[in-house]
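K.L.:
Got a predicted structure plus its sequence, pasted below:
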Amino acid sequence: MVFPRQAVMDRGTCRTRAWGKTRAASSGYITVGGLPTGPIRRKNALTVAAIGVVESAVAVLVFVFGCAVGSFLNVCIWRIPRGMSITKPRRSLCPRCKSSIRSLDNIPLLSFLVLRGRCRDCGAPISWRYPVVECLTGLLFAALYLLQGTRQEGAAGQVIVMGLLIALLVVASAVDIDFLIIPDEVSAFGLLGGLLAGLLLPEMHVGSEPYHTFRSLTGAHHLDGLIGSAVGAMSGGALVLVFAMIGALIFRKQAIGFGDVKLMAMVGAFVGWKVVVLAFFVSPFFGLLYGLPLLFLKGQHVMPFGPFLSGGAVLVILFRSAACHHLNQYLQMIAELLRPVFH
Ligand SMILES: [Zn+2]
């Protein structure tokens, strides 16, 4: 797309203008990045093209970075539930022959393909989990960057914070699938991280149009951000707790664990009360997609709830601004409807 456009433009200003007019009428360029309406000037069209190229290149880099992070998450997923240190030993070991994995065999995605999913020393199969977690983390990071990090000012900090949350959710989900527990290390670290992020980046919660979930209470920006995180954590945790208690009353056994309560408290600390409530109500759909086949094919009734909560949370995080926008409109509509009742 970029090269033909440039080729046309390089032929001269006159043609460029004519091209700009017709193209501007038929495509959405005039709205991209707030460019002026009317004939697109050569410079502006070039700027749009350049921004597109740069964004795509950065997205690829973010994907590669995400794969590397995913490789580290694999280490966490293996070691945390087994009570091992994340940092020692530095090198991962083959679970069967215990030989340490060489740096060249530790390249995300590529090494798995080159080794065809087997240990170089003993030929033991390497779990599909490794490339899947790497690729998933890469894709989620790239999607997060493309959906949230490219056009708004000051978005970089929030993209980094939300990337951290997504990484924690990946670890929590994978451990929950293996052991039916969500490690406290993950939710406690995440809860503190979310509160700290609210304090340092108050625009995550307060005021700013696309995400605002919270009106300023104290006037002190950073304190408001911290309160926003705390309210989010409490509402996320309380919501799951209430449903866990209702579930326990109805089914006479524990359906949702306390690990899930802590997990959603962590999510709430990052995203605020509105987004965490949305995430909670989206998650059962993920549960049905996974749980129904498991119930009917294997007759398995016990299933981890963490991955569905995480799935719902990740979906809502990626489309956070649209989700908040629609929720705000909906709440406003209800307020309008209720107004005559109270007056
Ligand atoms: Zn081996």
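P.N.:
Received it, and whenever you're ready, just let me know what you need.
K.L.:
from here on, contacts and neighbour counts on C-alpha atoms
P.N.:
OK.
K.L.:
Sort out which residues of stretch 298-307 are buried, please.
P.N.:
Buried residues in stretch 298-307, counted by 16 or more other CA atoms under 10 Å: 303-307.
K.L.:
Sort out for me which of those residues are in helices.
P.N.:
Under the assignment DSSP state H, the buried residues of stretch 298-307 contribute 306-307 to helices.
K.L.:
Need phi/psi at residue 114.
P.N.:
When quoted as degrees, to the nearest 10, the phi and psi of residue 114 stand at phi -60, psi -40.
K.L.:
again with residue 100
P.N.:
phi -80, psi 150.
K.L.:
Show me what it is bridged to.
P.N.:
On the basis of DSSP bridges, residue 100 takes part in beta bridges with residue 93.
K.L.:
Turn the buried residues of stretch 298-307 into CSV, columns for pLDDT and distance to the ion.
P.N.:
Below are the buried residues of stretch 298-307 laid out as CSV (pLDDT from 0 to 100; distance: CA to the ion, whole Å):
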residue, pLDDT, distance to the ion
303, 74, 31
304, 82, 30
305, 85, 33
306, 89, 31
307, 90, 30
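K.L.:
State the phi and psi torsions of residue 253.
P.N.:
phi -150, psi 160.
K.L.:
What is the neighbour count of the residue nearest to it when sequence neighbours are not counted?
P.N.:
In space, and not counting its chain neighbours, residue 253 is closest to residue 247: 7.7 Å by CA to CA, 6 or more residues apart in numbering. For residue 247, the neighbour count with other CA atoms under 10 Å is 15.
K.L.:
Check the gap between residue 247 and residue 238 for me.
P.N.:
From residue 247 across to residue 238, the span is 14 Å (CA to CA, to the nearest Å).
K.L.:
for residue 132, same thing?
P.N.:
The value you get for residue 132 to residue 238, if CA to CA is used, is 32 Å.
K.L.:
Remind me what the lengthiest helix in the chain packs against, helices and strands.
P.N.:
Ranked by residue count under DSSP H, the longest helix found in the chain is helix 258-298. When contacts are defined as 3 or more CA pairs under 8 Å, 6 or more residues apart in numbering; DSSP states H and E, helix 258-298 packs onto helix 155-179, helix 184-200, helix 221-251, helix 306-318, helix 320-342.
K.L.:
Show me the contact partners of the first one.
P.N.:
When you say that, I think you mean helix 155-179. Here helix 155-179 makes contact (CA atoms under 8 Å, 6 or more residues apart in numbering) with 69-70, 73-74, 76-78, 81, 133, 137, 140-141, 144-145, 148-149, 181-183, 186-187, 190, 197, 201, 204, 267, 270, 303-307, 310, 314, 317.
K.L.:
just the angle between it and helix 184-200, please?
P.N.:
Calculated by axes from the mean of the first three to the mean of the last three CA atoms, to 10 degrees, helix 155-179 forms an angle of 170 degrees with helix 184-200.
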